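*Asks:* any chance you could fold what I've pasted below:
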Amino acid sequence: MMITMDGAAYRRMLLSAAASIERNKEAINELNVFPVPDGDTGTNMSMTLNTAAQDLKRVENPTLTKAADIAASAMLRGARGNSGVILSLLFRGFSKALKGLEETDGVGLASAINAGVEAAYKAVMKPAEGTILTVSRLSGAAAAEFAAENPDLDATLVRAIEVAKEALAETVNQNPVLKKAGVVDAGGMGFVTILEGMLSSLRGQDIEPPAEGETKAGADFAALTDEDITFTFDTVFIVRKTTDKPIEAFRAYLSSIGDSLVIGEDDDAFKVHVHTDIPGAALTEAQKYGTLELAKIENMRTQ
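*Replies:* Have a look, this model is predicted:
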């Protein structure tokens with residue numbers, strides 16, 4: 001019998017993905033050197049996905065559309081750091097692709113991954129290869145090709161994971177910062193971990209908590225210095241829209257005062273992640289577009 005996914009199954013898959021990230025967050029943190037060596041990608045991805053998990057736990061039998069919408073909205077609101085905002089964009093794409101469906105198969109899953117990839121690439125000002133973007137793009141493309149011949153959800157997800165792992169292994173050769181530290185991309189590892197958690201749910205397997213002290217070989221942080229950090233402050237905030245004014249000019253402004261810019265946009269709000277030396281100026285400019293919420297500024301040189 002071919003395996004498919006309805007709202008209840010998608011809910012379980014995301015809860016399992018959240019548990020999988022939580023279990024592996026320290027190992028992912030150990031890989032985190034790009035875009036800056038601040039060692040928090042696993043934590044940020046876990047907190048972002050956990051926001052969705054908490055909201056999904058409050059609904060028992062959501063439709064597929066509802067479950068996807070709940071997860072996407074929660075992740076945009078709760079996104080932490082560069083990796084969290086990109087993750088929220090991937091699942092915003094899931095929400096758009098799954099909208100109106102009662103259930104779906106491997107074709108639908110592949111479509112959801114690819115919609116997420118498209119949303120993420122559009123939102124990242126300067127997409128870098130050898131990152132979660134590369135890993136998810138190649139994984140989604142392989143899943144779509146596979147599902148066209150065999151639409152079984154389990155088999156398609158297995159194929160997506162296989163190619164994601166292959167792509168992840170290559171990231172160390174695609175990104176000079178990763179090569180210098182001798183690691184694969186942390187965000188890409190997070191993406192693989194999420195897919196593995198989803199597959200565990202499909203197969204009725206529980207995610208075991210990590211053994212005490214369990215981790216994997218990490219980055220050579222000694223090879224990295226403050227010189228690898230161009231801008232000082234990691235700046236994240238939400239703007240609740242009070243105007244219909246397009247945000248392109250704001251995007252250009254942020255790009256002129258910082259880097260690692262990602263903007264995730266919803267119907268009534270948008271979330272910004274940027275590295276800059278003048279976070280106050282970014283927040284002041286943001287208020288031309290709406291009301292600020294949940295602003296968080298961290299000095300990356302002291303982390």
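
*Asks:* identify the residues contacting stretch 50-62?
*Replies:* With contact meaning C-beta atoms under 8 Å, 6 or more residues apart in numbering, stretch 50-62 is reached by 7-8, 11, 14-15, 18, 22, 66-67, 70-75, 77-79, 91. Backbone N, C-alpha and C define where each C-beta goes, glycine included.

*Asks:* ugh, wrong one, I meant stretch 189-198
*Replies:* Contacts of stretch 189-198 (C-beta under 8 Å, 6+ apart): 13-14, 16-21, 24, 27-28, 31, 41-42, 45, 49, 83, 87, 90, 132, 135-136, 139, 157, 160-161, 164-165, 168, 207.

*Asks:* from those residues, which land in helices?
*Replies:* 13-14, 16-21, 24, 27-28, 41-42, 45, 49, 83, 87, 90, 132, 135-136, 139, 157, 160-161, 164-165, 168 (DSSP state H).

*Asks:* now do the strands in this protein.
*Replies:* 5-6, 103-104, 233-241, 258-265, 269-276, 290-299 (DSSP state E).

*Asks:* as CSV, the ones you listed with mean pLDDT would be great.
*Replies:* Converted to CSV, the strands of the chain look like this (pLDDT from 0 to 100):
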stretch, mean pLDDT
strand 5-6, 96
strand 103-104, 96
strand 233-241, 92
strand 258-265, 89
strand 269-276, 92
strand 290-299, 89
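
*Asks:* can you list those in JSON lines and add distance to K57 and mean neighbour count?
*Replies:* JSON lines is the format used below for the strands of the chain (distance: least, C-beta to C-beta, whole Å; neighbours: other C-beta atoms under 10 Å):
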{"stretch": "strand 5-6", "distance to K57": "17", "mean neighbour count": "22"}
{"stretch": "strand 103-104", "distance to K57": "21", "mean neighbour count": "18"}
{"stretch": "strand 233-241", "distance to K57": "22", "mean neighbour count": "21"}
{"stretch": "strand 258-265", "distance to K57": "23", "mean neighbour count": "22"}
{"stretch": "strand 269-276", "distance to K57": "22", "mean neighbour count": "23"}
{"stretch": "strand 290-299", "distance to K57": "21", "mean neighbour count": "14"}
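
*Asks:* tabulate these (JSON lines), appending distance to F191.
*Replies:* Shown next, in JSON lines, are the strands of the chain (distance: least, C-beta to C-beta, whole Å):
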{"stretch": "strand 5-6", "distance to F191": "18"}
{"stretch": "strand 103-104", "distance to F191": "20"}
{"stretch": "strand 233-241", "distance to F191": "20"}
{"stretch": "strand 258-265", "distance to F191": "15"}
{"stretch": "strand 269-276", "distance to F191": "17"}
{"stretch": "strand 290-299", "distance to F191": "23"}
